[in-house]
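**Q** After the sequence you'll find the predicted model.
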Amino acid sequence: MKKVCAVCLVNFLFLCSLSAAENFTFKADRMTGGSASGREITILTGNAEVRSDTIFLQADRIELQGDEYQFIDCSGNVWGQDLERGIVFITDRLRYDRNLKIARLEGNSTMEDKENEVVAKARFIEYNDTSGTAILQVSVRLFKDTMVCRSDYAVYHREEETLDLRGYPVVYKEEDEFRADFIQVDLETEDVMMEGAISGSIKE
């Protein structure tokens, strides 16, 4: 029987049921496999895609690691979506833990919560689907309607629609400006609570 080299497969599509609860598919122009440090690794390159019942990811390169592909590492033009929450990710690099349902984004990263009409940008974002929280670090910017929030560190509570800002936080509401050591924003009502070294300006 003639063997077909895996690296030559074009538009490879593989469908398997990893458990009774979740289906898992992946697709790419090229696939290679091997082991590193005792771990099996599958590498997808060229129009790489991964889809489960809860998440969809696209990237130039995707690595699948761990038991039942617990870890998914994406790099290069990464785009993803939480299919249950409608949250979209755009980033340089993304690592997703399928068991813990945690996504870590690095580089120029954007997270869009379409349901709450919130767009967040930062150099590092960790989104925990189980708790519904996102931790954002370095050059944090969050946009909601006419409100713009900036800081070095922030925690976005999706279910409560609140945002905690630390590290030189500032909130702009149209022409109004608020600064403090700590700022909490109710993104639904646009109420702002501030603590420590409070300053701001309001234009009537």
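**A** The structure has been received and is ready for your questions. Because the structure is predicted, anything quoted here is derived from the model rather than measured.

**Q** I'd like the distance between residue 121 and residue 144.
**A** Distance of residue 121 to residue 144, computed by CB to CB, to the nearest Å: 13 Å. Backbone N, C-alpha and C define where each C-beta goes, glycine included.

**Q** what sits in contact with each of these two?
**A** Shared contacts of residue 121 and residue 144, defined by CB atoms under 8 Å, 6 or more residues apart in numbering, are not found at any residue.

**Q** Point me to the residue sitting closest to the centre of the chain.
**A** In the chain, the C-alpha nearest the mean C-alpha coordinate belongs to residue 89, at 4.6 Å (CA atoms, centre = their mean).

**Q** ok, so what distance separates that residue from residue 182?
**A** Noted for residue 89: a distance of 27 Å to residue 182, by CB to CB.

**Q** What of residue 101?
**A** Look at residue 101 and residue 182: by CB to CB, they are 29 Å apart.

**Q** distance between the lengthiest strand in the chain and the chain's centre?
**A** Criterion DSSP state E: the longest strand present in the chain is strand 39-52. Distance of strand 39-52 from the chain centroid (CA atoms, centre = their mean, to the nearest Å) equals 18 Å.

**Q** which helices and strands sit right next to that strand?
**A** Judged by 3 or more CB pairs under 8 Å, 6 or more residues apart in numbering; DSSP states H and E, the packing partners of strand 39-52 are strand 23-28, strand 30-36, strand 55-65, strand 71-82.

**Q** switch to 7 Å and redo it
**A** strand 23-28, strand 30-36, strand 55-65 (3 or more CB pairs under 7 Å, 6 or more residues apart in numbering; DSSP states H and E).

**Q** right, so of those strands, which gets closest to residue 106?
**A** Shortest distance between residue 106 and these, using CB to CB, is found for strand 55-65: 12.8 Å.

**Q** Packing partners of that closest one?
**A** Using 3+ CB pairs under 7 Å, 6+ apart: strand 55-65 touches strand 39-52, strand 71-82, strand 87-97.
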